[in-house]
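*Asks:* starting from these lines, generate the structure:
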Amino acid sequence: MEIDKLFNVDQVPDSLFDSVNNTVSEARALQKKKAAENAQAVIASLQKMKGDLEGKYDDLYGMLERRITSIQDGRDGIDGRDGRNGRDGKDGKDGAAGREGRDGIDGINGMDGADGISIADIRMDFDNSLIITLSNGREINAGEVLPPDITDRLKVIINQGASGGGGGGGISSVASADNSVTVTTTSGAVDLSVPAPSATTSVIVQVRNTTGATLTKGTAVYISGATGQIPTVSKAQANSDATSAQTLGLINADLANNSNGYVTVVGLISSIDTSSYTDGQQLYLSAATAGALTSTKPYAPSHLVYMAVVEYAHAIHGELFVKVQNGYEMDELHNVSAQSAQNGQVLIYNQTTSLWEKAYLTAGSNVTITNAAGAITIGASGGGSSTILENDQVISSNYTISSAKNGLSVGPVTVNTGVAVTVGTGQQWLVLN
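*Replies:* Predicted coordinates:
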């Protein structure tokens, strides 16, 4: 059946259609308005959710930051297993060859190297020590080759072209005058053997003179510095601790300025003028003249330094046996504690420390103590003077007049109850009222 026949449309008035259309339009408009309102509500809800999430995120971030700063680092976890190696990529194409660069500028020539050190000279010193001089000026003392006494006794006979000697000259024989050296000749070769070394007679030290002038033989010197691993020396003098405390010994041969030489610390110096002394006389470091010796024993404020003893008094062949012994300051003694002493201090023994210690005198009742340079003045106090003696009017503690003494007081004098004044037999105590 056709629908227009089922519903008789022609019989429906137009106003009904208009009413329906208006109702549908209003419904659609209302629906759009509701949708817009719902959209705004949704947007507002989303914005609120966003704000809430951001606040919670900020709170969570702050909490995590505080937790991170408050906790200590944990232990590192175990390394995971290495992953499998990836496949090698394909080789790229070779790039085109670049242009050849220009040659660089020649570098600056290096400095010449330092000259090598060689042996410039070898000689025997006065005490039979082997002295090796290097090309840089340094001398090395290799020690005694033969003891002095054996060297003196060793006789070497040199043939100066004796008949039948072949015309060239040379050593015809070697002998030991006192058999202290064993001489063995085998097929023209001579062997010398020493059965035992001799005792050392001197102790010497290599030094350098930088004083600006020659230090003559026998000059007393002290260590004033060092250069090139060698001590430098200057003239010693007993007028101060600085020029005497490190006294080393005597120069054993004239030593030019800026040269190396030797000082005898212990041992014999010979061929020196000792004519102003007597055999066996003791010699000291001079306080008046730098580098000189004196037979007059110095006393404070000069410094006492024992230097040598005269073994032989002679103008040319004089001999001195050197053995330096430096005196001590009071505060250098091992059982004295008196450093930085002041005027008026005295030494007092302290049994607890087993030391002599510096201390001031302590003033008692009615006593004054005045300390000065080299003097201590003790006087009466309490308004008295050197011509008026004062005494207390009340005796508050027991008192005994010293043995073989009498007592005198000016009264009135009151003796407190329970206090006794003891006057011995044959003594007197007079109170003037």
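
*Asks:* just give me the longest strand of this structure.
*Replies:* Using DSSP state E, we find that the single longest strand of the chain is strand 259-272.

*Asks:* pull out the buried residues from that strand.
*Replies:* Applying a neighbour-count criterion of 16 or more other Cβ atoms under 10 Å, one finds 260-265, 267-269, 272 buried in strand 259-272. Any C-beta I mention is one placed from the backbone N, CA and C, and that applies to glycine too.

*Asks:* each with direction, which strands does that strand pair with?
*Replies:* If you go by DSSP bridges, strand 259-272 pairs up with strand 203-209 (antiparallel), strand 247-251 (antiparallel), strand 318-326 (antiparallel).

*Asks:* ok now that strand, how far from the chain's centre?
*Replies:* 32 Å (Cα atoms, centre = their mean, to the nearest Å).

*Asks:* neighbouring contacts of that strand?
*Replies:* Here strand 259-272 makes contact (Cβ atoms under 8 Å, 6 or more residues apart in numbering) with 125, 137-139, 141, 201-209, 215, 217-218, 221, 230, 233, 248-253, 255, 308, 311, 316-324.

*Asks:* let me see the mean pLDDT of that strand.
*Replies:* The pLDDT scores in strand 259-272 average 93.

*Asks:* next secondary structure after that strand?
*Replies:* strand 282-285 (DSSP states H and E).

*Asks:* mind listing what that following strand pairs with, with the direction of each?
*Replies:* Strand 282-285 sits in its sheet next to strand 293-294 (antiparallel), strand 305-312 (antiparallel), going by DSSP bridges.

*Asks:* restricting to C-alpha, output the last one in PDB.
*Replies:* Okay, so that is strand 305-312. Taking C-alpha atoms only, strand 305-312 is exported to PDB below (Å, rounded to 0.1, in the frame of the first residue of the first chain):
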ATOM      1  CA  VAL A 305     138.000  26.500  70.700                       C
ATOM      2  CA  TYR A 306     141.000  24.200  71.200                       C
ATOM      3  CA  MET A 307     142.800  23.800  67.900                       C
ATOM      4  CA  ALA A 308     146.200  22.000  68.100                       C
ATOM      5  CA  VAL A 309     149.300  21.100  70.100                       C
ATOM      6  CA  VAL A 310     152.800  22.000  69.100                       C
ATOM      7  CA  GLU A 311     154.800  18.800  68.300                       C
ATOM      8  CA  TYR A 312     157.900  20.700  67.100                       C
END
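
*Asks:* chain center to it: distance?
*Replies:* With Cα atoms, centre = their mean, you get 35 Å for strand 305-312.

*Asks:* what does that strand contact?
*Replies:* Residues outside strand 305-312 that contact it (Cβ under 8 Å, 6+ apart) are 220, 236, 238, 244, 247, 250, 268-269, 274, 277-285, 293, 318-327.

*Asks:* report the buried members of the residues you listed.
*Replies:* 220, 236, 238, 244, 247, 250, 268-269, 274, 277, 283-285, 293, 318-322, 324, 326-327.

*Asks:* which of the strands paired with strand 282-285 sits closest to Arg84?
*Replies:* Arg84 sits nearest to strand 305-312 of all the strands paired with strand 282-285, at 88.7 Å, using Cβ to Cβ.

*Asks:* what comes up buried for the closest one?
*Replies:* Buried residues in strand 305-312, counted by 16+ other Cβ under 10 Å: 305-312.

*Asks:* from the residues you listed, which is closest to Ile348?
*Replies:* Nearest to Ile348, judged by Cβ to Cβ, of the buried residues of strand 305-312 is Val305 at 29.8 Å.

*Asks:* what sits against the closest residue in space to the closest one that isn't next to it in sequence?
*Replies:* Spatial nearest neighbour of Val305, excluding adjacent residues (Cβ to Cβ, 6 or more residues apart in numbering): Leu285 at 3.9 Å. Applying Cβ under 8 Å, 6+ apart, we find Leu285 in contact with 220, 236-238, 244, 247, 293-294, 298, 303, 305, 307.

*Asks:* check Asp254 too.
*Replies:* Contacts for Asp254 (Cβ under 8 Å, 6+ apart) come out as 214-217.

*Asks:* for Ile119, state which of the buried residues of strand 259-272 is nearest.
*Replies:* Distances from Ile119 to the buried residues of strand 259-272, taken by Cβ to Cβ, are shortest for Asn260, at 15.8 Å.

*Asks:* assumed Gln40 was part of a helix.
*Replies:* Yes: counting by DSSP: H, G, I helix; E, B strand; the rest coil, Gln40 is located in a helix.

*Asks:* returning to what we had before: from the contacts of strand 259-272, which would you call buried?
*Replies:* By 16+ other Cβ under 10 Å, the contacts of strand 259-272 give 125, 139, 202, 204-209, 215, 217-218, 221, 233, 248-252, 255, 308, 311, 318-322, 324 as buried.
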